[in-house]
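> Build me a model from this:
(one chain, ligands or ions: 2)
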Amino acid sequence: MWSSFRLHSHSLCKRQAARFKALLVNMSSLNQGCENWRSRLFAVDANTSLGIPDPFYFTCANSSHHLPSLNAQEWPVLAQGGSAHSVCITTPQRISAARLQKALGQKLTQEVQGGCKVLRLLSYQPQDPYGSLQGGFLVLNALSCPSIQAKLQDLLGEYKQHIRFCSYQAGTEGGIWQCLWDLNGEGKEIERCRVLKVEVPDPSPLVVNIKKSALFYKLEAACSVLQECSTIIPEASEVLKLLKDARKTVNSEKKFPVIVIEGLDATGKSTLTESLKYSLRAELLKSPPECISPWRKTFDTEPTLLRRAYYAVGNYIGAAQIAEAAQMSTVIVDRYWHSTAAYSIGTEIGGGVPNLPEYHHEIYQWPSDLLKPDLVILLTVSDEERLVRIRKRGLAETVEEKELESNRMFRQKIEEAYMRMENPGCIVVDASASKETVLQHVLSIIYRHCALAL
Ligand SMILES: Nc1ncnc2c1ncn2[C@@H]1O[C@H](COP(=O)(O)OP(=O)(O)OP(=O)(O)O)[C@@H](O)[C@H]1O
Ligand SMILES: Nc1ccn([C@H]2C[C@H](O)[C@@H](COP(=O)(O)O)O2)c(=O)n1
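Ligands and ions are numbered 1, 2, ... in the order given. From the prediction side, this is the model:
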């Protein structure tokens with residue numbers, strides 16, 4: 001529709017062209033930010049507990065006619081008479097977009113039950129993956145339910161200025177059609193186009209999303225998120241103030257080694273770091289640093305973008321404290337950058353370990369402006385032993401089998417992400433043995449790597 005307008009406008013007189021321009025402006029607002037929407041590449045994230053083990057990708061027909069059409073059989077919900085709808089968040093302001101993504105996710109999951117699967121959807125324009133990335137959802141309903149579209153339109157009505165709503169239908173020729181809906185007024189269909197098959201795109205929208213909103217490889221990038229949200233979350237200004245104070249006296253030359261202990265919850269980090277502190281007469285620092293921990297709960301309830309910015313800035317505040325402490329003694333750190341990265345990657349990539357980006361991918365690299373430790377130890381224990389330790393600690397008494405299974409996959413993914421970190425990488429230590437055995441094992445590694453006298 002857009003391209004045919006442009007072609008004809010060449011032959012229009014000035015007045016007609018002006019009227020035409022006004023019509024286009026009108027249409028663009030009607031289309032809810034859907035400029036070039038047909039050239040977008042979509043990624044639907046995996047969700048093992050919803051039975052989608054791998055991500056899948058598609059685009060819609062425009063100039064890329066060489067791509068094959070997606071067959072309705074490839075989306076079984078459509079082939080079997082169910083329905084599919086997508087919601088894309090078009091608001092350009094990233095804090096609002098992140099908060100809307102979280103709110104919509106909760107709303108959709110709560111309100112469209114009964115056979116519906118709400119999957120995370122990301123899309124970008126291939127010529128500008130980072131600048132055009134948008135989040136959203138694909139709602140799959142296995143049951144035939146004619147009222148689902150009306151229900152979704154109703155549910156999404158209050159967000160209509162900030163979203164693009166599409167439905168997907170099986171065509172008589174066996175393909176799939178994407179229909180764009182106008183949520184204003186009568187909720188009319190604006191345009192439809194064929195859904196085309198795409199191979200795994202490079203870069204994957206899922207990875208672009210990690211680099212854009214979950215992992216910050218420069219302090220500046222994390223700070224700008226906290227700055228932007230400081231009007232709505234005053235705690236963000238407090239964190240920035242503490243960062244400024246901490247970095248007033250940064251020592252870049254370490255005189256003593258810095259050793260980081262990493263691992264999943266209840267693998268024995270606190271137990272080991274306390275023992276190391278005593279054995280090595282070292283300073284023990286924790287991450288996030290104590291000075292910002294009063295605001296941890298606040299950021300933990302915020303969307304990924306804000307939450308990870310908080311932890312990232314926490315690492316830089318921690319780095320300033322580490323640098324200072326390393327002037328006087330060996331420093332032991334309970335969690336640091338690898339935790340921020342591994343948990344972000346594990347959370348942002350759906351499904352299991354096979355969906356993680358390959359070894360040596362740039363997302364596994366250390367931020368160039370963050371103080372590097374001399375040694376990173378990753379503690380691992382079996383799932384069974386970890387559960388025993390959690391139960392003994394009394395924090396979680398019962399875990400449903402299904403949840404345990406999906407958590408297991410999640411834990412494996414985080415642990416694998418830890419192991420793929422580079423520069424510095426992690427030395428993996430099986431921490432299933434007794435506390436004393438683990439301590440002696442780790443001490444021997446420290447002596448070997450950090451040239452400390454026995
Ligand atoms: N080697 C060990 N053998 C048996 N139990 C252990 C061992 N190390 C730690 N524990 C016990 O396991 C529980 C969890 O240990 P700890 O709190 O040190 O783990 P953590 O990794 O610091 O956990 P979190 O990250 O959740 O704070 C504690 O009850 C602790 O006493
Ligand atoms: N430097 C850090 C430290 C912690 N986190 C995040 C990762 C987990 O979500 C959580 C674990 O912390 P714990 O419960 O062991 O205190 O905190 C991070 O991202 N970066």
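> What parts of the chain come near ligand 2?
265, 287-288, 311, 314-315, 335-336, 339-340, 343 (C-beta under 6 Å from any ligand atom). C-beta here means a position set from N, CA and C on the backbone, and glycine is covered the same way.
> Need the buried ones from those residues selected in PyMOL.
Here is the PyMOL command that selects only those of the residues of the chain next to ligand 2 that count as buried (16 or more other C-beta atoms under 10 Å):
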select buried, resi 287+288+311+314+315+335+336+339+340+343
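> okay, the residues of the chain next to ligand 2 in TSV with distance to residue 217, secondary structure and pLDDT next?
Below are the residues of the chain next to ligand 2 laid out as TSV (distance: C-beta to C-beta, whole Å; DSSP: H, G, I helix; E, B strand; the rest coil; pLDDT from 0 to 100):
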residue	distance to residue 217	secondary structure	pLDDT
265	25	coil	90
287	17	coil	96
288	18	coil	97
311	14	helix	98
314	15	helix	98
315	12	helix	98
335	18	coil	98
336	15	coil	98
339	16	helix	97
340	11	helix	97
343	16	helix	95
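> Keep the residues of the chain next to ligand 2, but drop any that are not near ligand 1.
residue 265.
> Tell me which two in the residues of the chain next to ligand 2 are the farthest apart.
265 and 315 (18.5 Å; C-beta to C-beta).
> Who are the contact partners of the residue nearest to residue 72 when sequence neighbours are not counted?
Among residues not flanking residue 72 along the chain, residue 170 sits closest, at 3.7 Å (C-beta to C-beta, 6 or more residues apart in numbering). Listed by C-beta atoms under 8 Å, 6 or more residues apart in numbering, the contact partners of residue 170 are 72, 78-79, 176-177.
> Identify the residues contacting the residue most central in space within the chain.
With distances taken as C-alpha atoms, centre = their mean, the residue of the chain nearest its centroid is residue 348 (3.3 Å). By C-beta under 8 Å, 6+ apart, the contact set of residue 348 is 206, 209-210, 214, 304.
> And it, how far from residue 134?
According to C-beta to C-beta, to the nearest Å, residue 348 and residue 134 sit 15 Å apart.
> for residue 50, same thing?
Residue 50 is 21 Å from residue 134, where distance means C-beta to C-beta.
> Repeat that for residue 38.
Distance of residue 38 to residue 134, given as C-beta to C-beta: 14 Å.
> near ligand 1, which residues of this protein?
By C-beta under 6 Å from any ligand atom, the part of the chain that sits against ligand 1 consists of 263, 265-271, 389, 392-393, 431, 434-435, 438.
> make it 8 Å
263-274, 334-335, 379, 381, 385, 388-390, 392-393, 395, 431-435, 437-438 (C-beta under 8 Å from any ligand atom).
> In strands, which of those appear?
Counting by DSSP state E, those place 263, 334, 379 in strands.
> With pLDDT added, can I get the residues you listed in CSV?
Below are these laid out as CSV (pLDDT from 0 to 100):
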residue, pLDDT
263, 96
334, 98
379, 98
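> most neighbours, which of these?
Taking other C-beta atoms under 10 Å as the neighbour criterion, residue 263 ranks highest of those with 27 neighbours.
> Show the contacting residues for that one.
By C-beta under 8 Å, 6+ apart, the contact set of residue 263 is 269, 378-380, 418, 431.
> check contacts around residue 137.
Contact analysis of residue 137 by C-beta under 8 Å, 6+ apart lists 86-87, 104-105, 108, 118-121.
> partners of the helix or strand it falls within in the sheet?
Taking DSSP states H and E as the definition, residue 137 sits inside strand 134-141. Its sheet considered, strand 134-141 pairs with strand 83-89 (antiparallel), strand 116-124 (antiparallel) by DSSP bridges.
> if we can go back for a sec, report the buried members of the contacts of residue 137.
Of these, these count as buried by 16+ other C-beta under 10 Å: 86-87, 104-105, 108, 118-121.
> Pick out the residue in the stretch 151-300 of the chain sitting closest to ligand 2.
residue 287 (3.8 Å; C-beta to the nearest ligand atom).
> Touching, that residue and residue 314? I think so.
Yes: using C-beta atoms under 8 Å, residue 287 makes contact with residue 314 at a distance of 6.2 Å.
> Look at whichever residue of the stretch 51-200 of the chain sits closest to ligand 2 and tell me its secondary structure.
Per C-beta to the nearest ligand atom, residue 102 is where the stretch 51-200 of the chain lies closest to ligand 2, at 15.9 Å. Per DSSP: H, G, I helix; E, B strand; the rest coil, the local secondary structure of residue 102 is helix.
> pLDDT score for it?
Residue 102 carries a pLDDT value of 97.
> Could you do residue 394 as well?
67.
> low-scoring stretches of this structure, by residue?
1-36, 62-65, 250-252, 394-406, 452-454 (pLDDT under 70).
> go again using 80 as the cut-off
Counting by pLDDT under 80, the chain shows low-confidence ranges at 1-38, 61-66, 113-115, 144-146, 185-186, 249-253, 391, 393-406, 451-454.
> Can you show me the strands along it?
41-44, 56-60, 83-89, 116-124, 134-141, 163-170, 176-181, 189-197, 258-263, 283-286, 331-334, 375-380, 427-430.
> Put together a markdown table for these, with distance to residue 319 on each row.
Below are the strands of the chain laid out as a markdown table (distance: least, C-beta to C-beta, whole Å):
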| stretch | distance to residue 319 |
| --- | --- |
| strand 41-44 | 34 |
| strand 56-60 | 38 |
| strand 83-89 | 34 |
| strand 116-124 | 31 |
| strand 134-141 | 30 |
| strand 163-170 | 39 |
| strand 176-181 | 47 |
| strand 189-197 | 46 |
| strand 258-263 | 9 |
| strand 283-286 | 10 |
| strand 331-334 | 10 |
| strand 375-380 | 14 |
| strand 427-430 | 21 |
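> Of all these, which one is nearest residue 154?
Comparing those against residue 154 with C-beta to C-beta, the closest turns out to be strand 163-170 (11.3 Å).
> Off-centre distance for the closest one?
24 Å (C-alpha atoms, centre = their mean, to the nearest Å).
> CA-only coordinates of it in PDB, if you can.
Listed next in PDB are the C-alpha coordinates belonging to strand 163-170 (Å, rounded to 0.1, in the frame of the first residue of the first chain):
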ATOM      1  CA  ILE A 163       1.300  -1.300  20.400                       C
ATOM      2  CA  ARG A 164       0.700  -2.900  17.100                       C
ATOM      3  CA  PHE A 165      -1.800  -5.800  17.100                       C
ATOM      4  CA  CYS A 166      -1.900  -8.500  14.500                       C
ATOM      5  CA  SER A 167      -3.700 -11.700  14.000                       C
ATOM      6  CA  TYR A 168      -2.500 -14.700  11.900                       C
ATOM      7  CA  GLN A 169      -4.800 -16.800   9.700                       C
ATOM      8  CA  ALA A 170      -4.300 -19.900   7.600                       C
END
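> So which bits of it are buried?
In strand 163-170, counting by 16+ other C-beta under 10 Å, buried: 163-168, 170.
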